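A.B. asks: got a predicted structure plus its sequence, pasted below:
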Amino acid sequence: MRTYDFSPLWRSTIGFDRLFDLAETAQRAGEENYPPYNIERLSEDHYQISLAVAGFAPDDISITAEQNVVTIEGSKSEKAERDFLYRGISTRHFKRQFSLADYVQVKSAGFENGLLRIELVREIPEAMKPRRIAINGAPADNVQKLEAKAA
């Protein structure tokens, strides 16, 4: 796989740090494919990440959400020595990170039938939502009528 050197761009750009970090993370993400996962859009502002973690118990997995990154780590300690003739179910340590867009938050996580499901919701704060501004001299009831129609 090709690697790209972003250092020349650092000299002439300001404020694009996060963009370059995302590009480097995406480049490294192609190298690791364990555990397999799906990302689904359930509705306009509702998403779900599903990870296939067969062989792991909920106590073996930790989920950490900080700023715009959710990290899922799993480690299984072998308590008893077993003599496997064939071992097809991997229980090796993993660490998977997902970058989240602004205002996307982890709402819940569930574990069922070997699948870890993480629910994500985009909640835009009221201060960031578009709003109507009254124009001086215009009747105030005009603004309220427009807002009532939008809702």
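C.D. replies: Perfect, I can see it now. Predicted model only: the values in this text are computed from it and were never measured.

A.B. asks: and Asp5, how far is that from Ala23?
C.D. replies: Distance, Asp5 to Ala23, using Cβ to Cβ, to the nearest Å: 11 Å. Heads up, the C-betas are built off the backbone N, CA and C, glycines and all.

A.B. asks: and those two? Which one has more around it.
C.D. replies: More crowded of Asp5 and Ala23, by other Cβ atoms under 10 Å: Ala23, with 13 against 7.

A.B. asks: for the more buried one, which three-state class applies?
C.D. replies: helix (DSSP: H, G, I helix; E, B strand; the rest coil).

A.B. asks: please read off the pLDDT at it from the model.
C.D. replies: With respect to pLDDT, Ala23 has a value of 70.

A.B. asks: what are the buried residues along stretch 88-101?
C.D. replies: Buried residues in stretch 88-101, defined by neighbour count with 16 or more other Cβ atoms under 10 Å: 91, 94, 96, 98, 100.

A.B. asks: isn't the third one up against Thr64?
C.D. replies: No: counting by Cβ atoms under 8 Å, Arg96 stays clear of Thr64, with 11.3 Å between them.

A.B. asks: and for those two, which residues touch both?
C.D. replies: The contact sets of Arg96 and Thr64 overlap at 71, 73 (Cβ atoms under 8 Å, 6 or more residues apart in numbering).

A.B. asks: nearest spatial neighbour of Ile124, chain-adjacent residues omitted?
C.D. replies: Closest residue to Ile124 apart from its sequence neighbours, by Cβ to Cβ, 6 or more residues apart in numbering: Tyr103 at 5.1 Å.

A.B. asks: thinking again about what came up before, make TSV from the buried residues of stretch 88-101 and add secondary structure, distance to Glu44 and pLDDT to it.
C.D. replies: What follows is the buried residues of stretch 88-101, written out as TSV (DSSP: H, G, I helix; E, B strand; the rest coil; distance: Cβ to Cβ, whole Å; pLDDT from 0 to 100):
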residue	secondary structure	distance to Glu44	pLDDT
Thr91	coil	37	81
Phe94	strand	31	92
Arg96	strand	25	92
Phe98	strand	19	91
Leu100	coil	16	91
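
A.B. asks: direction included, what does the host helix or strand of Lys107 pair against?
C.D. replies: Assigned by DSSP states H and E, Lys107 belongs to strand 104-112. Counting by DSSP bridges, the strands paired with strand 104-112 are strand 115-122 (antiparallel).
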